[in-house]
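1. Prediction below, plus the sequence it came from.
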There are 2 protein chains.
Amino acid sequence: MALKDVLPVLRNEDGIRAVLGILKQRLGERLQSGADMRAQHAHTTTYLPAQLPDGVAFPDSTEEIALVVRACAEHRVPVIPYGTGTSLEGHVNAPGGGICIDTSRMNRILSVNAEDLDCEVEPGVTREHLNTHLRATGLFFPIDPGANASLGGMAATRASGTNAVRYGTMKDNVLALTAVTASGEVITTARRVRKSSAGYDLTRLFVGSEGTLGVIAGLTLKLQGIPQAISGGVCPFPSVEAACATTIHTIQAGIPVARIELVNALQMRAMIAHSNLPYAETPCLFVEFHGSDASVKEQAEAFGEIAADLGGGPFHWTSIAEERSKLWKARHDAYWAALKLRPGAQGISTDVCVPISRLAACVAETEADIARSGLVAPIVGHVGDGNFHVLILLDPANGAEIHAAEAFVERLNMRALAMEGTCTGEHGIGQGKVAFLERELGGAVDVMRAVKRALDPHNIMNPGKIFSV
Amino acid sequence: MALKDVLPVLRNEDGIRAVLGILKQRLGERLQSGADMRAQHAHTTTYLPAQLPDGVAFPDSTEEIALVVRACAEHRVPVIPYGTGTSLEGHVNAPGGGICIDTSRMNRILSVNAEDLDCEVEPGVTREHLNTHLRATGLFFPIDPGANASLGGMAATRASGTNAVRYGTMKDNVLALTAVTASGEVITTARRVRKSSAGYDLTRLFVGSEGTLGVIAGLTLKLQGIPQAISGGVCPFPSVEAACATTIHTIQAGIPVARIELVNALQMRAMIAHSNLPYAETPCLFVEFHGSDASVKEQAEAFGEIAADLGGGPFHWTSIAEERSKLWKARHDAYWAALKLRPGAQGISTDVCVPISRLAACVAETEADIARSGLVAPIVGHVGDGNFHVLILLDPANGAEIHAAEAFVERLNMRALAMEGTCTGEHGIGQGKVAFLERELGGAVDVMRAVKRALDPHNIMNPGKIFSV
């Protein structure tokens, strides 16, 4: 199945053959070219057709990443950086073949500087691995995109998730990067400091560049203190509008909400069935507050009052860890719950983000569109940021359904753009949203192209992604 | 007086003459080339020698900025963007002459979107103008670098200041920019949304680029709700070490301090004399807390306990606006107070930033260095970020003093770099810190150069700043 045309990239057969030879010699078993391994690394958890790399390298160090990139640069062969393969827009596909760099062996936590609230990690460390390692320090890394993704991949795609309303996205939580450039040079983008005005912000140029400017080989990350207390709960609303208005008022009131997640009525139906939740099938907000004991109580009560004023409630909240965990497990399982709405269907996740004042209208229009289209497609949203996801449940063998889904995704993106929004709040462009990026930013994409050509003149770094060069 | 060599830029006399002719015709009185006006725009509040532009343009619109840039691009003439001229490292000097673009006429606030907590402004709007305008909305723009700088200039230099520990720097508070590129194209870097993963982060590439990639012609800014309550006070410490340790513990404890400013003993002496403060001449922390009534009380008490445990105090705090204002006025007047330590002297402000765990050592060694050097140089610091300033009070006619100050600044920067720090936390590179940037980031500066050459192939945008091309 193919929902979209992807950018073509020419194959350089001679170069690929030469690089495979060089890397087999240099890396031995850590260069794999079997069909299964290659297919596994093009398994992109997307609707896009798999496009396999010709080899998968497993470097052990920054120097080995540089070795692979230099060989590829010399022979003009594509390099596709790979973390855990959980990105959603075809980021790890290899439309022109080439060498996939799997960073999973680079999974060391190099330092934790508790006084500075930062740490240095290799790119293959996953966020769960890091947080398990940090537990004894009283610190945690807040970005949670759902999947147990690698931190290198999360930086490359500018990931965010449920905590972003309070703690920001990867752009806000990466202090510095070690990167291997397209020519195989190793650079460090910044020092291990909380802020700097020293030159161009290369850290944030690489964060979100989706592997098209170089390979992330190391990260210095900002950490947060684990809050003394956490409270949270679920609040039902009569409408998406009331839930969104409550979100706006909560943020305007300066309540430092840590998570505020919209679950629409259809998704609630799925979660009630899957997780046995004691709620009705109406739009709900899942909220969480971090702070001192007194502060999380105060925040929860203030939120409850705002919700009640806007027709929501009753808001039941708790500070008891087990009860909270059950709620957030249900929220995290939203994808699996939704799949059960249509057994056997494939789930296609897409995301857009709009100014929060437009969110209620955007979600309501999208729900109406889904109803008209005859699609089964529940909605969840990081509403504090104006970001929401639609999960389209498709029969991949049904051409008419695929066509309807394609047309729906196009309307969804154009609707978000018409509301001053963006075609992706956190999934990235990859192969799937190339056309929408052009419509979103116009001439700015030419500036991105100029940067790309300057840093990767032979277009070897993850070609065919973000924009045509 | 000249503390440093600055990067040379060749003058293009024919081009400059041609551009002056074109712009006089197009802009009339809004192109000024009198000596006073030119000198005023090279008054850089720095120790660096003034280097005057050949003309000063006062555009009224983005289109007029583009007109000026296109004329300069065609004739290969430097363009120097200018906000309020309060930058500290020679950013607005014109080493190769050219046209200064003064954005002061572009001072309109285009929209305030209270529900979205954002606003759109022209680049010449100052932060005080914006905050006065916002007052009735219950919102404010938190970044406060001290001077009443223009928002365009603050973005260009990645400014921060006393609030950064809580609210971040300009990089965290600019959602999108309108920029005129070196070829005179107008681009918008992002949509008006809280987050996006749509392509390269051009917003943060332009923030901190010091006018070397283009002219900032408009900004979409994130706003904050004015806190329900604010508390604050001053806490004396027996040593810089105790003050820094208190800062670290405060942040580790998750107290969301809004401001935490170190004032060393010499600077306290100056401020006590200038502002008649009832404190002793020992290192002090000026702190402020934002939140609900209950929360600011809780924060202040928790801070006071940490300080007492580490030998500090007594910590007197207040929620009364008049008393807080007096304290923060004293902190804001630190520069003027310090000048009185040596009447007739010129003040030279320099800044570095280190990991907070190294801050006490860095400040203590710097104090010892100042004592050994015979300089008069008080210290203030945004210690929550590890950032501090030294104000060297110099007799500009005394060559030996200038030499001593130059050597001290070099040692200060190398000390910060040796402690994993940066040569500038918030002032930027400009002309003054070019040599230190190379020592700080090495090969990464070559990547910056490649970006610069790609976006400004003729090196007309603020040439001679940040690095040699």
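-> Ah, there it is. Residues are numbered from 1 along each chain as shown, chains lettered A, B, ... in the order given.
2. what's the weakest-modelled helix or strand in chain A?
-> Scoring the helices and strands of chain A by mean pLDDT, DSSP states H and E places helix A:321-332 at the bottom, with a mean of 91.
3. Residues in contact with that one: which ones?
-> If you take Cβ atoms under 8 Å, 6 or more residues apart in numbering or on different chains as the criterion, helix A:321-332 is touched by A:146, A:162, A:230-234, A:261, A:263, A:271, A:274-275, A:277, A:286, A:288, A:318, A:337, A:380. All C-beta atoms are positioned from the backbone trio N, CA, C, and that covers glycine.
4. can you rerun that using 6 Å?
-> The contact list for helix A:321-332 (Cβ atoms under 6 Å, 6 or more residues apart in numbering or on different chains) reads A:Gly232, A:Glu261, A:Met271, A:Ser275, A:Leu277, A:Phe286.
5. Could you single out the nearest of the residues you listed to B:Leu134?
-> A:Glu261 (29.4 Å; Cβ to Cβ).
6. Residue ranges in chain A under the pLDDT threshold?
-> Filtered on pLDDT under 70, chain A yields the residue ranges A:1-4, A:44-45.
7. how is it carved up into domains?
-> A:109-225, A:229-336, A:340-427 (automatic domain parsing).
8. Take the ones you listed and write them to a markdown table, including mean neighbour count.
-> Formatted as a markdown table, these follow (neighbours: other Cβ atoms under 10 Å in any protein chain shown):
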| stretch | mean neighbour count |
| --- | --- |
| domain A:109-225 | 23 |
| domain A:229-336 | 20 |
| domain A:340-427 | 20 |
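9. Which of the ones you listed sits closest to B:Ala18?
-> Among the domains of chain A, domain A:109-225 sits nearest to B:Ala18 (Cβ to Cβ), with 30.8 Å.
10. Smallest gap between chain A and chain B, at which residue?
-> A:Ala454 (3.4 Å; Cβ to the nearest Cβ).
11. residue ranges of the helices in the stretch 351-469 of chain A, please?
-> A:356-373, A:399-418, A:434-441, A:444-455 (DSSP state H, counting those that start in this stretch).
12. Touching the longest one from outside, list them.
-> Taking contacts as Cβ under 6 Å, 6+ apart, the residues outside helix A:399-418 that touch it are A:1, A:3, A:350, A:352, A:354, A:366, A:373, A:392, A:394-395, A:423, A:436, A:440.
13. Need those residues in TSV (columns: distance to A:Val186).
-> Shown next, in TSV, are the contacts of helix A:399-418 (distance: Cβ to Cβ, whole Å):
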residue	distance to A:Val186
A:Met1	40
A:Leu3	38
A:Thr350	36
A:Val352	37
A:Val354	39
A:Thr366	45
A:Ser373	49
A:Ile392	42
A:Leu394	43
A:Asp395	48
A:Cys423	33
A:Phe436	34
A:Glu440	33
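14. quick one: the residue of chain A closest to chain B and B:Arg449, what's the gap?
-> Relative to B:Arg449, A:Ala454 is positioned 9 Å away (Cβ to Cβ, to the nearest Å).
15. Neighbour count for these two, which is higher?
-> A:Ala454 (19 against 16; other Cβ atoms under 10 Å in any protein chain shown).
16. if I pick the nearest residue to that one once chain neighbours are set aside, what's in contact with it?
-> Excluding the flanking residues, the one nearest A:Ala454 by Cβ to Cβ, 6 or more residues apart in numbering or on different chains is B:Ala454, at 3.4 Å. Contact partners of B:Ala454, counting by Cβ under 6 Å, 6+ apart, are A:Ala450, A:Val451, A:Ala454.
17. after the one helix or strand A:Ala302 maps to comes which helix or strand?
-> A:Ala302 is part of helix A:293-309, with elements assigned from DSSP states H and E. On the C-terminal side of helix A:293-309, the closest following helix or strand by DSSP H and E is strand A:316-318.
18. Outside of stretch A:109-127 itself, list whatever touches it.
-> Contacts of stretch A:109-127 (Cβ under 6 Å, 6+ apart): A:103-104, A:106-108, A:133, A:137, A:148, A:150-152, A:175, A:216, A:219-223, B:248, B:355-357.
19. Put the alpha carbons of it into PDB.
-> Only the C-alpha atoms of stretch A:109-127 are listed here, as PDB (Å, rounded to 0.1, in the frame of the first residue of the first chain):
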ATOM      1  CA  ILE A 109      25.500   6.600  29.800                       C
ATOM      2  CA  LEU A 110      28.800   8.400  30.000                       C
ATOM      3  CA  SER A 111      28.200  10.700  32.900                       C
ATOM      4  CA  VAL A 112      25.500  12.000  35.200                       C
ATOM      5  CA  ASN A 113      26.200  15.400  36.700                       C
ATOM      6  CA  ALA A 114      23.600  15.600  39.500                       C
ATOM      7  CA  GLU A 115      24.700  19.100  40.600                       C
ATOM      8  CA  ASP A 116      24.300  20.400  37.100                       C
ATOM      9  CA  LEU A 117      21.200  18.500  36.300                       C
ATOM     10  CA  ASP A 118      22.600  17.100  33.100                       C
ATOM     11  CA  CYS A 119      24.100  13.900  31.700                       C
ATOM     12  CA  GLU A 120      26.100  12.800  28.700                       C
ATOM     13  CA  VAL A 121      24.900   9.700  26.700                       C
ATOM     14  CA  GLU A 122      25.600   7.800  23.600                       C
ATOM     15  CA  PRO A 123      22.800   8.000  20.900                       C
ATOM     16  CA  GLY A 124      21.600   4.500  21.300                       C
ATOM     17  CA  VAL A 125      20.500   4.900  25.000                       C
ATOM     18  CA  THR A 126      16.800   4.700  25.200                       C
ATOM     19  CA  ARG A 127      14.700   7.000  27.400                       C
END
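20. circling back to that earlier point, which member of the contacts of B:Ala454 is positioned nearest B:Ala243?
-> A:Val451 (42.6 Å).
21. Turn the helices of the stretch 351-469 of chain A into JSON lines, including distance to B:Ile255.
-> Below are those laid out as JSON lines (distance: least, Cβ to Cβ, whole Å):
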{"stretch": "helix A:356-373", "distance to B:Ile255": "28"}
{"stretch": "helix A:399-418", "distance to B:Ile255": "38"}
{"stretch": "helix A:434-441", "distance to B:Ile255": "40"}
{"stretch": "helix A:444-455", "distance to B:Ile255": "40"}
